[in-house]
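Asks: my questions are about this predicted structure, shown below with the sequence.
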Amino acid sequence: MTTCTTQTVPQGVRGLALPLVGVGDVSKRILLGRKLRSSQLGETLLPKRIALPVFASDALSSVAYAPDEIFIMLSLAGASAYVWSWKIGIAVALVMAAVVASYRQVVRAYPSGGGDYEVATVNLGSKAGTTVASALLADYVLTVAVSVSSGAQYAAGAIDALDGHEALFATAMVLFLMALNLRGIRESGSYFAIPTYLFMVSILGMCAYGFAQLAIGDLPQVESAVLTITPDPSYDDSMTSFALMFLLARAFSSGCAALTGVEAISNGVPAFKRPKSKNAATTLLLLGAIAITMMLSVTILAKQMGLRFVDPSDLDRLKQNGQGVPANYDQHPVIAQIARAVFHDFSPGFYLVVTVTGILLVLAANTAFNGFPVLGSILAKDGYAPRALASRGDRLAYSNGIVFLAVMAIILIQVFNAEPTRLIQLYVVGVFVSFNLSQLGMIRHWTRHLRTEQDPAERRRMFRSRVINSIGLTFTGVVLVIVLITKFLAGAWITILAMIVFFMIMRGIRTHYDQVAVELAADEEDKVMPTRVHAIVLVSKLHKPTLRALAFAKATRPNVLEGVYVSTDGPATNRLLEEWDERNLGVPLKVLHSPYRELIKPIVDYTLEIKKANPRGVVAVYIPEYVVGRWWEQLLHNQTALRLKGRLLFAPGVMVTSVPYQLRSSQIAREREERELTRVRPGDLRRGQVSEQATPPRRQVDR
């Protein structure tokens, strides 16, 4: 029996088949390497020798631009203000020492990797934790943008072809770092270890050689020592004490960029080998000692060697013999000027310093690529970020977090045209907000535990830790006030705005997840069975996929079963009706006429009419789909089915079932998957994942 009405069914609703092997799987394996089992997570953990370059590269690289920013700020009052440079350097070093000591307490008390976020959440509440998380997220994005942009400037100074294309080069470098980190932190750490250690050796060696020359009275002058600096009009010779203090505060706040990255180790404790807390604390101590030594050495040497350094956009304040510098004057970074002078008789030393500094500035972004995904995964587990951020990829890295960070950093690089001087004004604010809340949380942590702890030795240790965190809070609190006062109008307000946006988004995500959890909670009503099931099978042609779908639908024993066909062509409809009657399938065929050749809307409307007629019933829609084995075949099949399923998913009381039909090409995908599962990879025997009997015998070679 055939009945007719007016509406639509996709002409050959050919749902989309999902292949067994994803598109571009081979390319993905080439870029990322072979997949790692979850049980191999221990293989990705880092020893201290690798963890130091992985997590400390950001803080160490700040040596390349923190001294520059100190001298730029002091130059506003002329070169005479450089007398304060080493004193400001010492002040920054004291703050860094206090922060490092404070974070050594954090990694011991909270080794799960939550870092500042976990400390603030546990001890100060969820809002404080979300504030810290928003500050860290903004700071991680800025870390990548600033570091890579600085590296792009170094590269442009050495390679003329990159001049004017810094933003494009920086974008390429971010994508390169993203690809490396998608391969897993252990492997990316191995790549970064050599240039990071080379940077340490080259900078410390350069400074040691320079101080040796200073001791024997043979220290040369840098190339800019012959220049003079005209003070900014707002900082003339009659500058008041208040103006001087404000200038020194600005220089100090800019120098505090050296502290960014210190907190990354507290967020990356889970990546360390056991004992995790001890190894993380030791790495923090090494980081602090090396960074402080390098920063103070560079700052003192620059002052002793007669450096003259101004904002790149203010080169007209540089004078030579009373005249302005040439229009094509290239102001080299502080480290480059020191290296050229110190190694004036050994050019390989100069090129080594400049090269590894530029490389490290790019690789310094790796600290953020390790900290951001871990923090994102913790936020996702707590319901403050999309749950996709908590998923590990093929290489056991948090792939979604890595990709998200790269995209955000590229946007910043493009907007600010990869200019570090503009980007650095946004820097520091976020990290010092997290510093302060973390130290306050740690003080409450020790105070709470002291109320219950009875062991005298343990109480003494807790008292000592609380004193350390109190000193850290005092220092970071003062710095935060100075940073807000001196940098707010210079661009820090953008960071604060970004933090507010992140905060609101995270709270909104948590509210959504909480509401969904309440909505999905099972209750007694969920036990009520539907009164009837009306099943419809979508028909395009009377072929094997349709017959399989009809057979499957019959097997479910619905109350009503019918085929549904959308008529857009009269002759084709008549042929289908004749064939349907000839086969006598025992299932009625509903023809929905579609004069405007629509395929999706008539089916949706018809389904909703059935549901409306029986509100307590269920409409089951069966869609035949082709399973194909080649990626390009997906473009040729199943497109209508995808659109239809997308529409029906929003209809309450409508269940959509895909009935797959495997075409011959699907065997290709199945065989490819089987080969992948049975292939013996290098190292499988050593890891016990395959028996010796399963390994192919070695080929005998006749000699």
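Replies: Great, that's in hand. From a predicted model like this one, the values you see are computed outputs, not experimental measurements.
Asks: now do residue 256, the pLDDT please.
Replies: Confidence at residue 256, expressed as pLDDT, is 83.
Asks: isn't it up against residue 428?
Replies: Yes: counting by C-beta atoms under 8 Å, residue 256 touches residue 428, with 5.6 Å between them. C-beta here means a position set from N, CA and C on the backbone, and glycine is covered the same way.
Asks: overlap in contacts, those two.
Replies: residue 483 (C-beta atoms under 8 Å, 6 or more residues apart in numbering).
Asks: the bottom helix or strand of this structure by mean pLDDT?
Replies: Scoring the helices and strands of the chain by mean pLDDT, DSSP states H and E places strand 2-5 at the bottom, with a mean of 43.
Asks: how about residue 384, phi and psi?
Replies: Residue 384 adopts backbone torsions of phi -100, psi 0, taken as degrees, to the nearest 10.
Asks: so what's the residue count around the spatially closest residue to it that is not a sequence neighbour?
Replies: Counting by C-beta to C-beta, 6 or more residues apart in numbering, residue 384 lies nearest to residue 506, which is 4.2 Å off, once chain neighbours are set aside. Residues near residue 506, counting by other C-beta atoms under 10 Å, number 22.
Asks: give me the element residue 506 is part of.
Replies: In this structure, residue 506 is located in helix 493-520 according to DSSP states H and E.
Asks: name the helices or strands packed onto the helix or strand following that helix?
Replies: Next in sequence after helix 493-520, counting helices and strands by DSSP H and E, comes strand 533-538. Packed against strand 533-538, as judged by 3 or more C-beta pairs under 8 Å, 6 or more residues apart in numbering; DSSP states H and E, are the following elements: helix 544-555, strand 560-567, helix 600-613, strand 618-627.
Asks: list the contacts of the second one.
Replies: In this case it means strand 560-567. Outside strand 560-567, the residues that touch it by C-beta under 8 Å, 6+ apart are 7-11, 532-540, 546, 550, 553-554, 573, 576, 580, 585, 587-594, 598-599, 602-603, 606.
Asks: just to revisit the earlier point, how far off centre is the helix holding residue 506?
Replies: 18 Å (C-alpha atoms, centre = their mean, to the nearest Å).
Asks: return the set of buried residues in it.
Replies: The neighbour-count check on helix 493-520 (16 or more other C-beta atoms under 10 Å) flags 494, 495, 496, 498, 499, 502, 503, 506, 509, 510, 513 as buried.
Asks: do the same with stretch 585-596
Replies: Buried-residue list, stretch 585-596, by 16+ other C-beta under 10 Å: 585, 587, 589, 590, 591, 592, 593, 594.
Asks: okay, those in a markdown table with secondary structure next?
Replies: As requested, those are exported to a markdown table (DSSP: H, G, I helix; E, B strand; the rest coil):
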| residue | secondary structure |
| --- | --- |
| 585 | coil |
| 587 | coil |
| 589 | strand |
| 590 | strand |
| 591 | strand |
| 592 | strand |
| 593 | strand |
| 594 | coil |
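Asks: of all those, which comes closest to residue 334?
Replies: residue 594 (73.0 Å; C-beta to C-beta).
Asks: isn't the closest one right up against residue 602?
Replies: Yes: Residue 594 lies in contact with residue 602 (C-beta under 8 Å); the separation is 5.2 Å.
Asks: buried members of the contacts of strand 560-567 into PyMOL, please.
Replies: In PyMOL, a selection of the buried entries from the contacts of strand 560-567 looks like this (16+ other C-beta under 10 Å):
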select buried, resi 7+8+9+10+11+533+534+535+536+537+538+539+540+546+550+553+573+576+580+585+587+589+590+591+592+593+594+598+599+602+603+606
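Asks: okay, and residue 573 sits in which element?
Replies: helix 570-583.
Asks: what angle separates that helix from strand 560-567?
Replies: With axes from the mean of the first three to the mean of the last three C-alpha atoms, to 10 degrees defining the directions, helix 570-583 sits at 150 degrees from strand 560-567.
Asks: list the buried ones in helix 570-583?
Replies: By 16+ other C-beta under 10 Å, the buried positions in helix 570-583 come out as 573, 576, 577, 580.
Asks: reformat these as TSV; add distance to residue 218 and pLDDT.
Replies: Below are the buried residues of helix 570-583 laid out as TSV (distance: C-beta to C-beta, whole Å; pLDDT from 0 to 100):
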residue	distance to residue 218	pLDDT
573	98	90
576	98	91
577	102	91
580	101	92
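Asks: ranges for the strands of the stretch 251-400 of the chain?
Replies: Counting by DSSP state E, counting those that start in this stretch, one finds strands in the stretch 251-400 of the chain at the ranges 318-320, 323-324.
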